[in-house]
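Undergrad: here is my input; please provide its structure:
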Amino acid sequence: MSRMFAASLLLSMLTLSAAAKASTPADDATAPTPVRVSTGVTAPVMLGTPVLTMPAGLSMELLPEGAKVGLALTINEKGEPENIQVVKSYSPFVDGRVVETVSQMHFRPGKIDNQPTAVDMNLVVNVTR
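TA: Numbers count the residues shown, from 1 in each chain. Here you go, the predicted model:
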């Protein structure tokens, strides 16, 4: 029994020293040069100010001050909004008008490494008179 214990103790010490040897860092001359993943990330920027219009016969005065609609959307590589979804509704009528207005907007696209890329974003639209 003591032989078995002594043998397992020796084997465990050998594996610990082998693990320590394996984890020692290589010389700087043989280590690979780290690769920079990104030179920068920029978010999309809205170009212009959107104007929400109401159909003929309806006035913006019907909307209370402070009405807000929350949207989730993707700005594609061309700066165009896609996959617009209402995540915080005010009313179906106002939501539809806001989605229509945002779908016609244009953005400066987001970039990674100075290359345009699609970016998912959330947008809160404050509807004011």
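
Undergrad: quick one, helices of the chain?
TA: For the chain, helices defined by DSSP state H occupy the ranges 2-22, 92-103.

Undergrad: remind me what the last one packs against, helices and strands.
TA: Spelled out, that is helix 92-103. When contacts are defined as 3 or more CB pairs under 8 Å, 6 or more residues apart in numbering; DSSP states H and E, helix 92-103 packs onto strand 67-75, strand 81-88, strand 119-127. Using the backbone N, CA and C atoms, a C-beta is placed for each residue, glycine as well.

Undergrad: export the last one to PDB, keeping only CA atoms.
TA: C-alpha atoms of strand 119-127 as PDB (Å, rounded to 0.1, in the frame of the first residue of the first chain):
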ATOM      1  CA  VAL A 119     -24.400  47.700 -37.500                       C
ATOM      2  CA  ASP A 120     -27.400  46.800 -35.300                       C
ATOM      3  CA  MET A 121     -28.600  49.700 -33.300                       C
ATOM      4  CA  ASN A 122     -31.500  51.000 -31.100                       C
ATOM      5  CA  LEU A 123     -33.000  54.400 -31.800                       C
ATOM      6  CA  VAL A 124     -35.500  56.300 -29.700                       C
ATOM      7  CA  VAL A 125     -37.500  58.800 -31.800                       C
ATOM      8  CA  ASN A 126     -39.000  61.800 -29.900                       C
ATOM      9  CA  VAL A 127     -42.000  63.000 -31.700                       C
END
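
Undergrad: quick one: residues contacting the spatially closest residue to Met46 that is not a sequence neighbour.
TA: For Met46, ignoring the flanking residues on the chain, the nearest one in space by CB to CB, 6 or more residues apart in numbering is Phe107 at 5.6 Å. With contact set as CB atoms under 8 Å, 6 or more residues apart in numbering, Phe107 has these partners: Pro44, Val45, Met46, Leu47, Ile75, Gly79, Glu80, Pro81.

Undergrad: now the fourth one: closest residue in space, sequence neighbours ignored.
TA: Okay, so that is Leu47. His106 (5.1 Å).

Undergrad: just the contacts of Phe107 now: which is nearest Lys111?
TA: Pro44 (9.0 Å; CB to CB).

Undergrad: re the thing from before, do you know which of the helices and strands packed on helix 92-103 lies nearest Leu52?
TA: strand 119-127 (6.1 Å).
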